[in-house]
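Participant: Curious how this folds, go ahead:
(chains A, B and C)
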Amino acid sequence: MSRAGAVAAERAAGGSRVPAWVRPAAVTAGVLVLALGPLAIVDNLYIQTVAILTFLLVVSSSGWNIISGFAGYVSLGQSAFIGVGAYTVGILSKHLEVSPFLLAPLGGVAAAVLAAILGLVAMRARGHAFVIITIAFLFLMQTLALNLRSITGGSAGITLPLPTWSRDLGELPFYYAMLALAVLSVALAAWVRRSKLGAGLLAIREDEGKAAAIGIRTPAYKLIGFVVSAVLIGIAGGIDGYFLTFIDPRGMFDILISVQIVLAALLGGRGTVWGPVLGAFLLQPLSEVVNNYFGTQLGARLLVFGGLLALVVVIMPSGIIPTVRNAVRRWRERGSTVPFIEQPVRLATVPAAPAANGQAEAPAEPGARAAPDEPAEPVGTAPPGESAARAPASAVRVSEADREPEPERVPILEIRGLSKRFGGLTALDGCTFSVREGTITGLIGPNGSGKTTVFNLVSGTIPGAGGEVRFSSRRIDQLRSWERPALGIGRTFQITRLFKQLTVLENVVAPLRHFSLRHLASGGTSGAEAARARELLDLVGLGSFGDRTAGTLSFGQQKLVELAQVLMLEPRLILLDEPAGGVNPSLIQHLADLIRQLNREGISFLVVEHNMPLVLELCDPVVVLAAGRTIAQGPPEAIQRDPEVLGAYLGGDGSATERLPRGPAELQEDAPAGPRGPGNPKGDAPVGRER
Amino acid sequence: MKLAQTVLLGLLTGGVYALLASGLTLVFGVMRIINVAQGALLILAALFTFEIWRRTGLDPLLAIVVTTPLMFGVGWLLYRGLLARVRAAPEAMTVLLTFALAIAIEGFMGLIWRNVFRSVTPSYFASSFHVGGLFLPKGLAAGCLTAVVVLGLLYLVLTRTWTGRAIRASAENLQGAQLVGVRVVDVAALTFAIGVATTGAGGSILSILQPVFPASHYVWISKLLGIIVLGGMGSLPGAVIGALLLGVAENVTSAYVSPRWSLVVFYVVIMVVLLVRPQGIAGSRLREDVAA
Amino acid sequence: MKKFRQLPAALVTLLLLVAGCSSNSSSSGGSGNTSKPLVIGASLPLSGDFAQPGEASKKGYTIWQEMVNKNGGLLKRQVQLKIVDDASDQNTVVSDYNRLISQDKVDLLLGTFSSLLNIPASAVAEKAGKTYVCPACGSPDMFNRKFKNIFFAQPATAVHQADLFAQWVKSLPADQRPKTAAYPTQDDPFAQPVVNGIKDQLEAAGIKTVYGKVYPADTSNFDTIASDIKNAKPDLIAQGAVFEDGVGLVRSLVKAGYSPKAMFQTSAPSNGDQYSKSVGAANTEGVFYAVSWSPAAKYPLNQEFLQAYQTKFGGVPEEDAADSFAAAQVLQAAVQAVGSVDDQAKLSDWLHNNKVDTILGPLSWDERGAPQQAFILAQWQSGAAQVVLPQNVATSQKIVFPKPNWGGQG
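Facilitator: Numbers count the residues shown, from 1 in each chain, chains lettered A, B, ... in the order given. The predicted model follows:
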């Protein structure tokens, strides 16, 4: 774990007085103890056996954690990979005169292949469906092992020859092999956790739809995660088969072993790196104790495991490590007050884009509107001149070609005849409009007119029905949702969809601009990505919030973080879904300034808003939707007075009965379920009417 | 003749399966909980029936009158005691919880009844009606008939009583149901309890058809999951269709391929249906964000 | 984060503590001191799938221990049994035997029940160089690993278990001999080889196989299988059963209304009252089975065994109990002949080269540990189990053939 990352994690956990070298030192010490310990008990086969089984559980549980803890796809079929590894070794050693130790890595290969196949098909299912599929998969593997007798030996199983080393070594070779695998699997989990792959998996767990919207190619991530989770388990299975010298379907594809794997990770701490280790070291000895003391009592083992799993799920679902961590933090912070973190109300001042010409308006100094008694600089950033030079130029990169809007340019976004029905409800009915490049286009309309549906179809969050969506003349409505950010489309959500359990920085590094294996392996919260993320956070004014948990931010702050996420993708078009909804009025101006600044840099915007004054001030042109159709387009002044628009808002044709809305809109049917956001109409006094 | 006999046996068994699966699909439809412990509860009910028969000689089909309320109580307690606490948790965690329950119940059964096969053998269990060249085992015929009757009663309860309507309303729209005065917390417990109560009747019927063993629940939950996935999770008519189809498929596979592959039919159905057409035959399509 | 600094150390301490607790709770085997008891360690499936035969095996071992101790013990030491539960699970049986050998340091080992468990368990014993006599490990896979210390304490391995039955069928005059045969069998490493052994011999004699499907171990409903068999109309049915499936198939055949001319089942019919009650006494008539032991056989100590069992547990012992008793007898014979327990290789050598008289009859082994004798052929006649072959131990001189139709219900 990088130093910065470790320190950041400590800070996020509430501060610690322990120096950063302690953790790696403790880990090394522990590994040394485990490595040298058995030499003292070389003739005690029993302890060696227990240790071997414990290490096996560590490997399996750590692997499980990658797909089920990090990515949230709970699998009850992980023990199938142990079986596959063991059978690979067993089958091959019948034909090859090679030590099974050397064949074990092939068990890992077999497990990886199987995981890839299963992952390709099963990853389309989510939640409970995925769990059920993994259970069925495990039983299926067991049946195959039973029925394909000529390959697997059927119910008689495969017997391996005895190990060839002298009896004095006892089980030590197995011990060290398993120990090595256990260390490897923990290292792998730690590495995944802090890589871009891990960030993506966590994002998938928190909100898969949102992850796709920020460019994370979810099937690929899940597949890779699944394969990574299985490989070491397969190798360990091969060694386990050799250790038992007997491989048979009942023992190798045992659902109870899967339960143990899950229980170990849950008990220790799902989603943490050390949780499975702790859980394994608690569970395996417990299993032995139960066998020793209650062994003759039928069903005791089942009751203990079942009861323990139920207890963990109900009472302590996050596991021991996170629970203890939280308790320690709360205890440490008892009586102390929540620290105040200054958040700048305005941006770092920014010069106008040097190459801009042909722009419609001269950019006003964004700092001018700030209240005079606000501090001149945001806390934590350099003096205006430096930050101004630094922030926009590096953070918001748009290719040169896009800075020069031409009069006869192709619209950057074209919606043609878009239709969508939800059951009997028609949300869009042949909707058509375009967004010209370089503009901040508004999209307004009464509730139920289909605005968010348009966004969902453009970003690919829901599948389309009829019509076309073209981005720079290229048809995109057939593309998957994660392919669209790569083209340059970014989108925020009406109810913010951040990954609430992750830190703000982790949220901002999650988006993926382009997909490559090397990129996935690069550092997530450290390295170039993190630097860029911090720059963007500075840009939106949340530079000092990087290590806070995203769920603790205010609604308005979350919207800014979402914007930073979108900016990571270097978009050319940003869809903003009610950016002012539920936001403190003083922050709305900040947002507007930010939008204008980014627009100057060459980013086009399509903004859905109910805050009329903001729309009229910020957007040109404005598109009006009603009942799933475009009813007007044009400059804001004209729209304001258009009788059809007024009719749509005030009623008369029965399509909508709202007066011209002034505050946050009501929940629309396509937004994620849940209670309305924390925003509320700050009274009915419209902002900006006094202008 | 062989085909006719095979299909006949499949349909009769399917009828019984329909009752066994009805509780599982009902609970899912209303509460979106997959109760993986349904198999274990089924075996528990069968063992209760065995115990009653052993001590009093009461015919197992009549014992339904006792086991159904008994299992209702068990379901109620399980919901109130455990499942109610994880309503807010992610779906997968609830599945884990019910799985844990299944294992714990298996352990409990092992402690009380030991790991030996138990079967209930009333006078008619080993004889058949002979019609044409076909044989209808009496126990199976009686069991299937009983299952149909109980299913019919369940259907009436769901459609004709206020409680049933409240349950169906909650299934459609939880908040809406709340708004019209349905006490959804109670309805949840009630639904779960009814779902488990069906295992009371189902278990009693099962006890005369086959010997049971605490670890048999894995086989049963695999079959039941296959049935409700095929029929459409949450749909009662779907469960009936799925049960009949799979009952026949299981038997045909056993007769024409090999008994070793008959359970595989269920596993394959689970995997294929969930991936290709998750709503099964009669289920409703969930509106979720498509991310894959 | 001070807590986590100590975590790895704490984990290892925990591990050692558990090991320490377990070793404290176990009894220590003596070494050399003749007044200390002689400890024999065994793991048995007292829970899980094989709980029933596991319990029976425990009874067999226990009876033997009491009889030996009453007669002065083994090598003048009182015998102590340390029996642990492996829950019918492979991993558990491996760690059980590891513990018995290294932790408890028992003097001698006895095997567990079922080839599925004995195969991995015997590997542990072989690795440790301990003699391993098992009462129920007839699967061919036990004997193809070139182990030197394993011994199966029954008259023959699975493949040869039904030799006498096959020979009898072949000896029938051509007009009475069955022409077709069905071989339904459970997917079990023990039951399957038995039936395959019969099938090979009968096919070679020209009896056509009309049904040969295997059913999985968890099959409980045999109606379809019975219907399938009925359709094939076999003259003879030889089923590789364990117990419940044997009962299940008979019931389903009764329901289907099909009764073959000859019926053979492994294991199930040897369970005495349990079997006849389960299928119905009238349905047992004529059913053949092979068994390793007969209560009526006049082998030495057999009647004493029966009496001791009757006194302690009541009723007639199950075959599994008798097999365990015999296994212990085998071990006893070797120990007494060699005179010590320290050099297990000597025990194994002696067993390879000598015959042991047990309640199952005389037993001897080839170099793989496979026994060389023959099983007894038994048949249910008039509601009682009778030995029909070989002649010298037969309790009934007639053989019921053809099998009468299914009788009334039970």
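
Participant: which secondary structure elements does the helix or strand where C:F165 lies contact?
Facilitator: Element membership of C:F165, judged by DSSP states H and E, is helix C:163-171. If contacts are counted by 3 or more Cβ pairs under 8 Å, 6 or more residues apart in numbering or on different chains; DSSP states H and E, helix C:163-171 sits against helix C:191-204, strand C:287-291, strand C:376-381. To be clear about C-beta, it is placed using only N, CA and C from the backbone, and glycine gets the same treatment.

Participant: Tell me which of these is the most buried.
Facilitator: Of all those, strand C:287-291 has the most neighbours on average by mean count of other Cβ atoms under 10 Å in any protein chain shown, namely a mean of 26.

Participant: what's the helix or strand just after that one in contact with?
Facilitator: Using DSSP H and E, the helix or strand that follows strand C:287-291 towards the C-terminus is helix C:302-312. With Cβ atoms under 8 Å, 6 or more residues apart in numbering or on different chains as the test, helix C:302-312 has contacts from C:59, C:62-63, C:66-67, C:295, C:315-317, C:321-322, C:325, C:359.

Participant: Do you know the pLDDT at the most centrally placed residue in chain A?
Facilitator: Centroid-nearest residue in chain A: A:A203, 0.4 Å away (criterion: Cα atoms, centre = their mean). On pLDDT, A:A203 comes in at 89.

Participant: Tell me which helix or strand in chain A has the weakest average pLDDT.
Facilitator: helix A:384-395 (a mean of 39; mean pLDDT, DSSP states H and E).

Participant: What helix or strand is whatever residue of chain A ends up closest to chain C located in?
Facilitator: Using Cβ to the nearest Cβ, the point where chain A gets nearest to chain C is A:G30, with a distance of 2.2 Å. According to DSSP H and E, A:G30 maps onto helix A:22-36.

Participant: Same question for C:S324.
Facilitator: C:S324 belongs to helix C:319-338, assigned by DSSP H and E.

Participant: Packing partners of that helix?
Facilitator: So helix C:319-338, by 3+ Cβ pairs under 8 Å, 6+ apart, packs with helix C:51-70, strand C:108-110, strand C:132-134, helix C:302-312, helix C:344-353, strand C:356-358.

Participant: Of the helices and strands packed on helix C:163-171, which is nearest chain A?
Facilitator: That would be helix C:191-204 among the helices and strands packed on helix C:163-171, by Cβ to the nearest Cβ, at 7.6 Å.

Participant: neighbours of the residue lying closest to C:N221 once chain neighbours are set aside, just the number please.
Facilitator: Leaving aside its chain neighbours, C:N221 sits nearest to B:Q210 (5.1 Å; criterion: Cβ to Cβ, 6 or more residues apart in numbering or on different chains). Using other Cβ atoms under 10 Å in any protein chain shown, the number of residues around B:Q210 comes to 23.

Participant: ok, back up a step: are the helix or strand following the helix holding A:G30 and chain B in contact anywhere?
Facilitator: On the C-terminal side of helix A:22-36, the closest following helix or strand by DSSP H and E is helix A:45-64. No - counting by Cβ under 8 Å from any Cβ of the partner chain, chain B is not contacted by helix A:45-64; separation bottoms out at 12.2 Å.

Participant: tell me which parts of the stretch 51-200 of chain C are close to chain B?
Facilitator: That would be C:A51, C:Q52, C:D187, which are the residues of the stretch 51-200 of chain C within reach of chain B (Cβ under 8 Å from any Cβ).

Participant: nearest to chain B, of these?
Facilitator: C:A51 (4.1 Å).

Participant: ok, the residue nearest to the closest one when sequence neighbours are not counted - contacts?
Facilitator: Distances taken as Cβ to Cβ, 6+ apart put B:N115 closest to C:A51, at 4.1 Å, once the chain neighbours are dropped. By Cβ under 8 Å, 6+ apart, the residues touching B:N115 are A:L298, A:G299, B:F213, B:P214, B:A215, C:S47, C:G48, C:D49, C:A51, C:Q52.

Participant: so B:N115, which of the three states?
Facilitator: coil (DSSP: H, G, I helix; E, B strand; the rest coil).

Participant: Backbone dihedrals for it, both of them.
Facilitator: Note on B:N115: its backbone torsions stand at phi -90, psi 60 [degrees, to the nearest 10].

Participant: how close does it sit to C:A174?
Facilitator: As judged by Cβ to Cβ, to the nearest Å, B:N115 and C:A174 stand 47 Å apart.

Participant: Could you pull out the buried residues of the helix holding A:G30?
Facilitator: A:R23, A:A26, A:V27, A:G30, A:L34 (16 or more other Cβ atoms under 10 Å in any protein chain shown).

Participant: Same question for stretch A:578-596.
Facilitator: Within stretch A:578-596, judged by 16+ other Cβ under 10 Å, the buried ones are A:578-583, A:587-596.

Participant: What is the most widely separated pair among these?
Facilitator: A:G582 and A:R596 (21.1 Å; Cβ to Cβ).

Participant: Please determine whether the lengthiest helix in chain B lies in contact with chain C.
Facilitator: Scanning chain B for the longest helix, with DSSP state H as the assignment, gives helix B:2-31. Yes - using Cβ under 8 Å from any Cβ, helix B:2-31 reaches chain C at B:K2, B:Q5, B:T6, B:L9, B:G10, B:T13.

Participant: Assess the claim that A:L184 and A:I233 are in contact.
Facilitator: No - A:L184 sits out of contact with A:I233 when judged by Cβ atoms under 8 Å, with a separation of 11.4 Å.

Participant: Please say which of the two ends up with more neighbours.
Facilitator: A:I233 (33 against 16).

Participant: Contacts only, for the more buried one.
Facilitator: A:V59, A:S60, A:G63, A:W64, A:Q78, A:F81, A:I82, A:G85, A:G108, A:A111.

Participant: Distance check, the third one against A:G83.
Facilitator: When distances are taken as Cβ to Cβ, A:G63 and A:G83 turn out to be 14 Å apart.

Participant: returning to what we had before: most neighbours among the contacts of helix C:302-312, which one?
Facilitator: Going by other Cβ under 10 Å, C:A322 tops those with 32 neighbours.

Participant: you'd agree it is up against C:G60?
Facilitator: Yes - with contact defined as Cβ under 8 Å, C:A322 counts as touching C:G60 (6.3 Å).

Participant: how about the residues of the stretch 251-400 of chain A near chain B?
Facilitator: Residues of the stretch 251-400 of chain A lying near chain B (Cβ under 8 Å from any Cβ): A:255-256, A:259, A:262, A:266, A:297-310, A:313-314, A:317.
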